[in-house]
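K.L.:
what follows is a predicted protein model with its sequence.
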Amino acid sequence: MERFVRVTNVRRLGALTAASVLALGLAACGSSNDTTTDSAEGAPSGGAASTDWAAAQSAEDGGGMDALVTAAKAEGTLNTIALPDTWANYAAIKKAFTAKYGIKIHDENPDGSSGDEINALKSTKGQDSAPDVVDIGNSYALSGALEGDFAAYKVATWDDIPEGQKDEGGLWFSDYGGYISIGCDAAKISVPCPTTIAELDNPKLKGKVALNGDPTTANAAFNGVWAAALANGGSATDIQPGIDFFKKLNDEGIFNKTQVSPETVASGATPVVLDWDYLNVGNTAALKKSGVTWTTTVPADGLVSGYYAQAVNADAPHPAAARLWEEFLYSQDADGGQNLWLQGAARPIELVAMEANGSADKAADAALPKVDDSNPFLPTEDQITKAKDAVTKNWSAAIS
Amino acid sequence: MAILPTAIDAPSGAGNRRPRSRARSDVASRTGASRLSWLGLVPFFVFIGTVFLVPIGFVVVQAFQRTTSGEAHRDPVTQQFVRATETHTTLANIKESLEGVYLSSLGTSVKLSAITAVLGAILGLLLAYAVVTSRGSLLKQVVSTAAAVTANFGGVPLAFLFIATLDANVGVVTLFLDKHFGLSLGDDLGVSLAGLSGLALVYLYFLIPLMVLVMMPALEGLKVQWAEAAENLGASRWQYWRWVAAPVLLPSVLGSLLLLFCSAFSAYATAYAINSSAPLVTIRISSVLSGNVLSGQENLGAALALNMIVIVLPLTVVYQLLQRRTSRWLA
């Protein structure tokens, strides 16, 4: 009697804050080789037709940007996976790429999870329909790199991606992210919209406060629990206070377990939602059309950020188009991927560099929820694994 | 494949043209047909093999495997990691799948499915009996059509239907009770959609119609003559039910009960939409296999799936045996 229905918002919750985690994790892997490959050196000069783009580790490596564009146009198609139109401005990004280069995009399984993306990569290996590129949570980026799923590639703006947010060999690189935020419909609650985690514990919010999914499935929910931990004396090594906080909310009847979707928000079934800020902000325009004023605040007492990562399939059916897509996503141009993400309220990974060199879309940047994050929360991979174990073991009992 | 139609066509073709030799050619073509008739089953077995047997095989194998890997080194040219991996056979996945939250989720799934199956069976049987014995044929048609539709109605749409009706914030019934009677659905009446009782209620929405659907033919199979014969022999109404109807119906009722159990046991999307942290084994499997948080636990997922198969498989065998008994009387 199982009905296989995809729930839109379940997508890729898995991104982990792992930024520095990665650096540490990789260092721990014992890779001591200096990556001193000079990409320009030994590149075939200009011979675009003969370039093996599947082996190219940068655009220069394959003969330059023009050669890449030519080769990608000749391929004509790009296979992506799990890029929903309503997620981080992906509708506009896909459209802009096709308009600029005339390359068609086939997006498979738009509502899939990071796990689904890696499964697809492995199960369609060598086929024309295999995804060329993936957009996945950090733990999946790390494991995929170790398993040889990804090709090494460094975009032109590689140096603007902060250290710790990329694999030193170019197997994956963070793309966009955001902070855990509190989305709220003031009309559906009897108190002002909560702006901190602590304010969620209010008897007047009975049945109102929801997480975006289950924390063992959804990365947004997992990080929501961690944000609650930070607000209640927890730390990178201790997520338990977050679990206890939600146990308390559940005992008081405040915690709402309904699976959050734009529909439940519009109807008022989930009037207060802990979720990534770009998803809360991203829903605002559509909700406005249904007459709902949705506000988003990043809680100062639980600052947790998380980024997704890009990776190119090692066996991409369209190797040049895959690499051109990455160049497009990491372009700092006004109509490039970084600014398009920013316009979708997602924080592009090169934002700090772009603010410095003046290429960031100022209006979009100013519209981001305000965050004063002088001491960023960056748990290590080991700490993340332990936090996941704790949540897996204790969550279900805590809120049943 | 070209042989197949010819072989099958042979009897009628031969019979039409040469009526006198019909018997002989019939025998010949029949043996020919039976030699090739298994070909007709090929698509079925290919289907069963690819969507059922092969995946089960993978689940079983993966449930007993685990891969460990050595230290990774980066190849300086390709930048790829190189490491030795070793896959070995182990009971570790099974052990883990029968501990802590995974064991309790399996228990909760069994409990919820058993309770909803029994309730669904009782209520569905009563409803089916009422419909079968009613005089209005229109009512019968309407109910059986409605049952056929609602028995297949589930997943997220069904969950939204219940959220719109009983949700603590926006449910129509919730608001109505609050406005007109000052009653809170959750506090005063103890109804919580996200709780197990709420899930049971939602499951019953498709389990009762399913029971009606499978029991109506069985109830219609009860011959009026049996009741009349029993009455002529001096049996009371109770004696008729106890000694005639119940033994005839029992196998199909038990069979349907198992069907309902399996139906509830495998439900996932409905529960997920109502309570994404519902303590059910299907939701654990999904978070292990296709979530965004727990990576690299595919073998644990296979072990969890295997546990479900181990529970359902004997029930399926019993169901088949019961079906055979059912068909003795209610063919």
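P.N.:
That came through fine. Numbers count the residues shown, from 1 in each chain, chains lettered A, B, ... in the order given.
K.L.:
how about the helices in chain A?
P.N.:
A:19-28, A:65-75, A:90-101, A:114-123, A:138-146, A:219-231, A:240-251, A:262-267, A:277-289, A:319-329, A:337-343, A:351-357, A:362-367, A:381-398 (DSSP state H).
K.L.:
got it, and the stretch 101-250 of chain B?
P.N.:
Under the criterion DSSP state H, counting those that start in this stretch, the stretch 101-250 of chain B contains helices at B:137-151, B:155-166, B:172-181, B:196-220, B:224-232, B:237-240, B:246-265.
K.L.:
same list (those helices) but as CSV, adding distance to chain A.
P.N.:
The way it works is simple: take the backbone N, C-alpha and C, and place the C-beta from them, glycine included. What follows is the helices of the stretch 101-250 of chain B, written out as CSV (distance: least, Cβ to the nearest Cβ, whole Å):
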stretch, distance to chain A
helix B:137-151, 8
helix B:155-166, 3
helix B:172-181, 10
helix B:196-220, 6
helix B:224-232, 33
helix B:237-240, 34
helix B:246-265, 4
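K.L.:
out of those helices, flag the one nearest residue B:103.
P.N.:
helix B:246-265 (15.6 Å; Cβ to Cβ).
K.L.:
next one: the closest one to chain centre, how far?
P.N.:
In terms of Cα atoms, centre = their mean, to the nearest Å, the centre of helix B:246-265 is found 11 Å from the chain centre.
K.L.:
tell me the contacts of residue A:336?
P.N.:
By Cβ atoms under 8 Å, 6 or more residues apart in numbering or on different chains, the contact list for residue A:336 reads A:328-330.
K.L.:
from these, pick the one nearest residue A:186.
P.N.:
Among the contacts of residue A:336, and counting by Cβ to Cβ, the member closest to residue A:186 is residue A:329, at 35.6 Å.
K.L.:
distance of the nearest residue to that closest one once chain neighbours are set aside relative to chain B?
P.N.:
Residue nearest to residue A:329 in three dimensions, not counting chain neighbours: residue A:337, with 3.5 Å by Cβ to Cβ, 6 or more residues apart in numbering or on different chains. Applying Cβ to the nearest Cβ, to the nearest Å, the value for residue A:337 to chain B is 22 Å.
K.L.:
in chain B, where is pLDDT below threshold?
P.N.:
For chain B, applying pLDDT under 70 flags the ranges B:1-33, B:330-331.
K.L.:
near chain B, which residues of the stretch 201-350 of chain A show up?
P.N.:
A:207-208, A:213-219, A:221-222, A:253, A:256-259, A:263-264, A:267-271, A:314 (Cβ under 8 Å from any Cβ of the partner chain).
K.L.:
switch to 10 Å and redo it
P.N.:
A:206-208, A:210-223, A:246, A:250, A:253, A:255-261, A:263-264, A:267-271, A:308, A:314 (Cβ under 10 Å from any Cβ of the partner chain).
K.L.:
apart from its chain neighbours, what residue comes closest to residue B:125?
P.N.:
residue B:215 (5.6 Å).
K.L.:
list the contacts for the one you found?
P.N.:
Residues in contact with residue B:215 (Cβ atoms under 10 Å, 6 or more residues apart in numbering or on different chains) are B:121, B:124-129, B:131-132, B:147, B:249, B:252-253, B:255-256.
K.L.:
show me which pair in the residues you listed is furthest apart.
P.N.:
Across the contacts of residue B:215 (Cβ to Cβ), the longest gap, 19.5 Å, separates B:131 and B:255.
K.L.:
now the strands for chain B?
P.N.:
Remark: strands assigned in chain B by DSSP state E are B:65-69, B:73-74, B:81-82, B:85-89.
K.L.:
nearest to chain A, of these?
P.N.:
Nearest to chain A among those is strand B:73-74; the distance by Cβ to the nearest Cβ comes to 4.0 Å.
K.L.:
which helices and strands does the closest one pack with?
P.N.:
In terms of contacts (3 or more Cβ pairs under 10 Å, 6 or more residues apart in numbering or on different chains; DSSP states H and E), strand B:73-74 is packed against strand B:81-82.
K.L.:
parallel or antiparallel, list what pairs with the strand it packs on.
P.N.:
strand B:73-74 (antiparallel) (DSSP bridges).
K.L.:
just how off-centre is the strand it pairs with within its chain?
P.N.:
The answer for strand B:73-74 is 48 Å, by Cα atoms, centre = their mean.
K.L.:
so, low pLDDT: which residues of the stretch 301-400 of chain A?
P.N.:
If you take pLDDT under 70 as the line, the stretch 301-400 of chain A has no such spans.
K.L.:
hmm, 90 instead?
P.N.:
Residue ranges of the stretch 301-400 of chain A with pLDDT under 90: A:367, A:369-382, A:384-385, A:388-389, A:392-393, A:396-400.
K.L.:
name the residue of it that lies nearest to chain B.
P.N.:
residue A:396 (4.8 Å).
K.L.:
make sure that residue is actually in contact with residue B:105.
P.N.:
Yes: taking Cβ atoms under 10 Å as the definition, residue A:396 is a contact partner of residue B:105 at 6.8 Å.
K.L.:
which neighbours do these two have in common?
P.N.:
Taking Cβ under 10 Å, 6+ apart as the contact rule, residue A:396 and residue B:105 both touch B:278-280, B:283-284.
K.L.:
same for chain A: which of these are within range?
P.N.:
B:278-280, B:283-284.
K.L.:
and which of the residues you listed is nearest chain A?
P.N.:
residue B:279 (4.9 Å).
K.L.:
need the phi and psi values for that closest one.
P.N.:
Dihedral pair for residue B:279: phi -80, psi 60, per degrees, to the nearest 10.
K.L.:
so it makes contact with residue B:109?
P.N.:
Yes: if you go by Cβ under 10 Å, residue B:279 and residue B:109 touch, sitting 8.3 Å apart.
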